[in-house]
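>>> need coordinates for the following:
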Amino acid sequence: MDERENKGMKRVTIQDIAKKLDLSRNTVAKALNNSDTVSYDTRFLVIETAYEMGYSKLSPAVLNEFKVRNKIDETKSIVVLTRREISFFWNSIIMGISDELNKFGCKLQFNFINESDEKNLVLPLDLKEEVSGIIILSIFSGDYVEQIMKQNFPVVFLDGPVELGDVSQYGDIIICEGRNSIRTIASDLISRGLTKIGFIGDVSYSKTIAERYEGYLSALRTAGLPVDPSIVANYHTAHKFYKKEEVEAAIDKFPYMPEAIVCANDDIALFTIRYLNSKGLSVPADVAVTGYDNIEVIAQVEPMLTTVKVGNQRLGRRLVQKLMWRLQNPEFPKEVVYINAEVIFRKSSDKRK
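Sure thing, here's the model as predicted:
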């Protein structure tokens with residue numbers, strides 16, 4: 001007779017569980033409440049033991065998490081598809097995806113898609129195997145997405161093309177809010193008396209970048225300031241301004257130096273700051289510069305960068321959570337989910353006219 005068969009003979013208490021695991025009663029109590037102050041492994045061990053001992057007060061949420069963890073045979077593997085990007089931005093997102101998949105007992109299969117395979121509609125071999133779902137981190141061509149969807153797996157996209165209708169029919173989309181946060185940043189620059197404010201970011205391929213540009217425009221319109229297109233680099237470039245040469249070329253095209261430059265992400269902001277410094281200009285004394293993403297490595301450059309914090313590890317975890325929900329609720333309409341972001345003001349935008 002195992003402990004669950006024996007559970008009716010004696011009411012199992014928190015102290016019983018603590019004694020069996022040689023843990024403090026306080027630790028066990030926190031674990032049973034699924035508190036983040038206790039490591040996930042310890043929480044899982046406590047929940048597993050409590051379940052096996054017949055502890056009667058496990059909450060449905062905690063018990064569900066325990067059950068999900070043990071559905072390893074039902075959720076074989078999750079495939080993550082992305083381009084080989086050249087940014088720190090992706091590292092922590094992938095870490096979050098990996099951690100959350102481990103939590104759900106899923107296997108991560110990570111695939112870089114090169115330009116040739118995308119052009120020739122060649123899918124990774126992983127998709128030939130048994131797969132439960134797909135997370136897509138990059139914005140691929142419509143033809144390539146259609147090729148992926150022929151495999152009939154649930155899909156969650158991070159971001160999407162400017163016109164979301166192109167992919168929203170295929171799967172759920174997670175988008176980082178950008179319009180309001182960039183409007184807040186640009187409005188702060190305006191409140192400091194700055195009126196000649198430029199923008200750098202390729203708005204042609206990504207919904208999130210397009211919305212950040214909309215936030216920039218909104219701040220100018222609200223303040224009654226005209227947009228000077230000569231200091232706006234919002235056009236398409238081969239590497240979407242992820243290469244310093246493209247950023248430098250954009251700045252060189254400006255007929256005059258703006259008082260501030262709102263950058264669509266931290267990578268662009270870093271390239272901008274370094275190039276301005278190489279030309280003998282100081283940030284923020286001569287030009288204020290702002291970014292987006294709060295990439296740790298970049299946000300700590302001198303001067304400290306005003307940016308927008310998304311919480312990339314949490315974003316990675318959210319992608320997995322959305323896919324797990326979709327696996328359990330395939331009949332629900334596809335969703336577009338916006339993740340709120342936090343503006344972080346730092347020294348790089350501290351300029352007054």
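>>> check the offset of whichever strand or helix holds residue 18 from the chain's centre.
Assigning secondary structure by DSSP states H and E places residue 18 in helix 14-21. Centroid displacement of helix 14-21 relative to its chain, using C-alpha atoms, centre = their mean, to the nearest Å, is 39 Å.
>>> now swap in stretch 254-272 and tell me
23 Å.
>>> buried ones in stretch 312-330?
312-313, 315-324, 326-327 (16 or more other C-beta atoms under 10 Å). The C-beta positions use only the backbone N, C-alpha and C, and glycine is treated the same way.
>>> relative to residue 321, how far out is the residue nearest the centre of the chain?
The residue lying closest to the centre of the chain (C-alpha atoms, centre = their mean) is residue 315, at 3.7 Å. Distance, residue 315 to residue 321, using C-beta to C-beta, to the nearest Å: 11 Å.
>>> and the next helix or strand past the helix holding residue 18?
Following helix 14-21 in sequence, per DSSP H and E, is helix 25-32.
>>> what is that following helix packed up against?
Applying 3 or more C-beta pairs under 8 Å, 6 or more residues apart in numbering; DSSP states H and E, one finds that helix 25-32 contacts helix 14-21, helix 40-53.
>>> report the mean per-residue pLDDT for the longest one.
Pointing back at helix 40-53 there. The pLDDT scores in helix 40-53 average 85.
>>> can you list the buried residues in it?
In helix 40-53, counting by 16+ other C-beta under 10 Å, buried: 43, 44, 45, 46, 47, 49, 50, 51, 53.
>>> how about stretch 162-177?
Neighbour-count burial for stretch 162-177 [16+ other C-beta under 10 Å]: 167, 168, 170, 171, 172, 173, 174, 175, 176, 177.
>>> could you give the mean pLDDT of that stretch?
91.
>>> go on, stretch 180-195?
Confidence over stretch 180-195 (mean pLDDT, whole number) is 98.
>>> likewise for stretch 253-267?
Mean per-residue pLDDT for stretch 253-267: 97.
>>> and for stretch 92-110?
What stretch 92-110 shows for mean pLDDT is 89.
>>> which positions in it come out as buried?
So stretch 92-110, judged by 16+ other C-beta under 10 Å, has buried residues 92-94, 96-98, 100-101, 103-104, 106, 108-110.
>>> same check, this time on stretch 262-272
Burial within stretch 262-272, assessed by neighbour count using 16+ other C-beta under 10 Å, is assigned to 262, 263, 264, 265, 266, 267, 268, 269, 270, 271, 272.
>>> what's the answer for stretch 175-185, then?
Within stretch 175-185, the residues that qualify as buried by neighbour count (16+ other C-beta under 10 Å) are 175, 176, 177, 178, 179, 180, 181, 182, 183, 185.
>>> go on, stretch 109-121?
Of all the residues in stretch 109-121, those buried under the rule 16+ other C-beta under 10 Å are 109, 110, 113, 118.
>>> same check, this time on stretch 30-42
Under 16+ other C-beta under 10 Å, the buried positions of stretch 30-42 are 30, 31, 32, 34, 38.
>>> how much space between residue 214 and residue 183?
Residue 214 sits 8 Å away from residue 183 when distances are taken as C-beta to C-beta.
>>> dihedrals phi and psi, the residue nearest to residue 110 when sequence neighbours are not counted?
Leaving aside its chain neighbours, residue 110 sits nearest to residue 80 (5.0 Å; criterion: C-beta to C-beta, 6 or more residues apart in numbering). With angles defined as degrees, to the nearest 10, residue 80 sits at phi -110, psi 130.
>>> need the per-residue pLDDT for residue 207.
At residue 207, the model reports a pLDDT of 96.
>>> quick one: contacts for the residue nearest to it when sequence neighbours are not counted?
Sequence neighbours aside, residue 160 is the residue nearest to residue 207 in space, at 5.0 Å (criterion: C-beta to C-beta, 6+ apart). Contacts for residue 160 (C-beta atoms under 8 Å, 6 or more residues apart in numbering) come out as 139, 166, 167, 168, 173, 175, 206, 207.
>>> next secondary structure element downstream of the helix or strand encompassing the third one?
Read it as residue 167. Per DSSP H and E: residue 167 is located in helix 165-168. The C-terminal neighbour of helix 165-168 among helices and strands, as given by DSSP H and E, is strand 172-176.
>>> quick revisit: can I get the buried residues of helix 40-53 in TSV including distance to residue 238?
Shown next, in TSV, are the buried residues of helix 40-53 (distance: C-beta to C-beta, whole Å):
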residue	distance to residue 238
43	47
44	47
45	51
46	53
47	51
49	56
50	56
51	55
53	61
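>>> between these, which is nearest residue 149?
residue 44 (34.6 Å; C-beta to C-beta).
>>> which residues of the stretch 251-353 of the chain fall in helices?
Secondary structure of the stretch 251-353 of the chain by DSSP state H, counting those that start in this stretch: the helices cover 266-278, 296-299, 312-328.
>>> using PDB, write out the CA atom coordinates for the last one.
What follows is the C-alpha trace of helix 312-328 in PDB, where atoms were taken according to Å, rounded to 0.1, in the frame of the first residue of the first chain:
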ATOM      1  CA  ASN A 312      13.300  39.900 -21.800                       C
ATOM      2  CA  GLN A 313      13.500  36.700 -19.700                       C
ATOM      3  CA  ARG A 314       9.900  37.200 -18.600                       C
ATOM      4  CA  LEU A 315       9.000  37.800 -22.300                       C
ATOM      5  CA  GLY A 316      10.500  34.500 -23.200                       C
ATOM      6  CA  ARG A 317       8.600  32.800 -20.400                       C
ATOM      7  CA  ARG A 318       5.400  34.500 -21.600                       C
ATOM      8  CA  LEU A 319       5.900  33.100 -25.100                       C
ATOM      9  CA  VAL A 320       6.000  29.600 -23.700                       C
ATOM     10  CA  GLN A 321       3.000  30.200 -21.400                       C
ATOM     11  CA  LYS A 322       1.000  31.400 -24.400                       C
ATOM     12  CA  LEU A 323       1.900  28.300 -26.400                       C
ATOM     13  CA  MET A 324       1.000  26.000 -23.500                       C
ATOM     14  CA  TRP A 325      -2.300  27.700 -23.200                       C
ATOM     15  CA  ARG A 326      -2.900  27.400 -26.900                       C
ATOM     16  CA  LEU A 327      -2.100  23.600 -26.800                       C
ATOM     17  CA  GLN A 328      -4.900  23.300 -24.200                       C
END
